[in-house]
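A.B. asks: Task: produce atomic coordinates for the following.
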Amino acid sequence: MKFTSLRVYFFVFIFLLVVQSCKKDEGGNPGPVKIDASQWGSFVPVSWYNMELKLLKETPGFTPPIAARAIAYTGITLHETVVRGMENGTSLSGQLDGLAYLPSHEENLRYNWAIAANAAMADVIRSLFGNASQEHLDMIDALETENLLELSTTDFSQEEIDRSIQFGKLMANAIYLWGASDGGQGAYLNNFPINYTPPQGAGLWIPTPPLFQSAMLPYWGKNRYLIKANKQVAGQIAAAPAFSATSGSAFYQSADAVYQKGNTLTSEETIIARYWADGTGTFTPPGHMIAITSQLIKDNNLSLDKASQLFAKVGIALNDAGILCWQVKYRDNLIRPVSYIQRYIDSNWMPLIGTPPFPSYFSENASFTSATSILLADYFGESYAFTDNQKIDDGFSPRSFTSFNSMADEAAISRVYGGIHYQFDSEIGKSGGLAIANKVLELKY
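C.D. replies: I've put the predicted structure just below:
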């Protein structure tokens with residue numbers, strides 16, 4: 001009987017302890033509580049991509065493939081920082097080629113994931129734009145400070161803020177060091193390597209008027225793809241159409257179609273060609289794509305976690321589309337329309353927009369826009385209508401589209417209107433972008 005009473009007292013004591021513990025938790029003195037990244041909006045990454053777009057315009061050497069690379073590593077850094085605060089998020093470690101060892105956070109401690117993202121993006125952009133001017137470096141410092149002040153609320157202690165900053169910086173450094181071995185490190189300092197000699201022969205690329213620059217980034221196609229499987233895509237891209245100077249041949253007709261279109265452009269076709277030119281001194285075609293992505297993320301009020309996933313997807317696709325395009329360009333070394341037309345059709349003809357200094361086949365603009373359109377359609381829907389407002393500051397009116405595919409179609413045909421690509425360049429470019437995007441969609445985020 002005495003033993004039974006003791007057991008009763010024991011269980012009552014344990015019950016009271018449990019009740020007291022629950023009351024303590026309800027009383028506002030709990031242990032650290034994990035904060036989910038979905039609690040923040042997208043203003044931090046949007047602000048940093050706006051900064052990156054400015055840098056792409058104003059920093060020497062950031063040609064389209066190099067711009068795509070910078071955009072990609074920025075997005076991966078963002079994602080890998082924020083994914084630690086996603087309940088069901090998946091790291092890209094082990095999925096992207098060579099990405100294996102990344103900093104880990106402490107599971108039982110609190111982080112402000114927006115502050116971590118702010119620190120990470122600031123540091124990786126500083127590193128990626130290694131030749132940025134002091135004025136631009138000061139702008140990066142100022143934006144980092146401005147965002148931090150906006151995010152430093154009384155909900156987080158200084159210790160938690162410092163911990164978040166430190167984690168973001170560690171992640172930025174890890175991603176940058178991994179990227180340094182991809183073959184594109186510092187390429188902004190040497191877009192035109194002097195040790196490259198282009199092959200010679202009928203139908204092969206030659207420097208184009210009016211600048212007659214040497215070949216740009218001839219080795220870029222040898223860079224490491226972010227998705228290893230994309231290395232096989234180039235083998236699936238058919239060789240460029242057989243060259244022929246014979247009047248009436250299929251190749252002649254392709255060139256003549258560019259010539260005839262260049263001579264009969266409507267005012268709308270002229271606007272389209274110039275709108276999508278995105279040449280020297282602009283944010284480049286990859287920058288245009290990330291600018292549209294950023295606009296849609298902001299317009300749709302995406303949370304930090306969702307924004308980081310979408311930015312990463314588009315960035316990875318742009319990088320790998322650039323490598324694929326350059327791999328095929330220098331595999332086939334196809335003559336540009338202006339060179340063909342001046343030699344075989346009309347020696348005085350010039351295209352509407354300047355021909356960039358690399359082979360024709362296939363169109364990088366078509367590839368970049370196609371890949372991005374597939375990813376945006378996957379997220380927002382195939383029939384999502386939107387307006388591109390990204391070139392108002394450049395003097396263009398906004399352009400509206402009924403779908404992402406219609407945007408990709410317009411961007412692709414713009415290169416024919418501009419006189420710098422054959423129709424088949426644009427068609428194969430779209431196919432290449434599609435193949436890259438499909439691989440990106442197979443990853444887990």
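
A.B. asks: all contacts plus neighbour counts: C-alpha atoms, from now on.
C.D. replies: OK.

A.B. asks: The least confident helix or strand in the chain by mean pLDDT: what's the following helix or strand?
C.D. replies: Across the helices and strands of the chain, the lowest-confidence element by mean pLDDT, DSSP states H and E is helix 2-26, at a mean of 36. Using DSSP states H and E, the helix or strand that follows helix 2-26 in sequence is helix 43-58.

A.B. asks: which other residues reach that next one?
C.D. replies: Contact partners of helix 43-58, identified using Cα atoms under 8 Å, 6 or more residues apart in numbering, comprise 62, 67, 71, 78, 114, 117-118, 121-122, 125, 129, 132, 136, 140, 147, 280-284, 287, 290-291, 294, 298, 304, 307-308.

A.B. asks: Same question for stretch 169-181.
C.D. replies: With contact meaning Cα under 8 Å, 6+ apart, stretch 169-181 is reached by 73, 76-77, 80-81, 98-99, 102-103, 116, 119-121, 123-124, 127-128, 185.

A.B. asks: got the end-to-end distance for stretch 353-367?
C.D. replies: End-to-end distance for stretch 353-367, by Cα to Cα, to the nearest Å: 19 Å.

A.B. asks: in stretch 127-142, what's buried?
C.D. replies: Judged by neighbour count (16 or more other Cα atoms under 10 Å), stretch 127-142 contains these buried residues: 127-129, 131-132, 136-137, 140.

A.B. asks: whoops, stretch 44-57 was the one
C.D. replies: Buried residues in stretch 44-57 (16+ other Cα under 10 Å): 44-53, 55-57.

A.B. asks: ok so, going back, just the buried subset of the contacts of helix 43-58, written out for PyMOL, thanks.
C.D. replies: Command for PyMOL that selects the buried part of the contacts of helix 43-58, burial taken from 16+ other Cα under 10 Å:
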select buried, resi 62+67+71+78+114+117+118+121+122+125+129+132+136+140+147+280+282+283+284+287+290+291+294+298+304+307+308
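
A.B. asks: State the mean pLDDT of stretch 380-399.
C.D. replies: Mean pLDDT, stretch 380-399: 97.

A.B. asks: picking that back up, looking at the contacts of helix 43-58, which are in helices?
C.D. replies: 67, 71, 78, 114, 117-118, 121-122, 125, 136, 140, 147, 284, 287, 290-291, 294, 298, 304, 307-308 (DSSP state H).

A.B. asks: Pretty sure residue 327 sits against residue 221.
C.D. replies: Yes: with contact defined as Cα atoms under 8 Å, residue 327 counts as touching residue 221 (3.7 Å).

A.B. asks: all helices for the stretch 201-350 of the chain, in order.
C.D. replies: Here the stretch 201-350 of the chain has its helices, by DSSP state H, counting those that start in this stretch, at 250-263, 267-275, 284-299, 304-332, 337-344.

A.B. asks: Following the chain onward from the shortest one, which element is next?
C.D. replies: Taking DSSP H and E as the definition, the helix or strand that follows helix 337-344 towards the C-terminus is helix 364-380.

A.B. asks: Just the residues contacting that following helix, thanks.
C.D. replies: 285-286, 289, 293, 313-314, 317-318, 321-322, 325, 383-384, 403-405, 407-409, 411-412, 415, 426-427, 429-437, 441.
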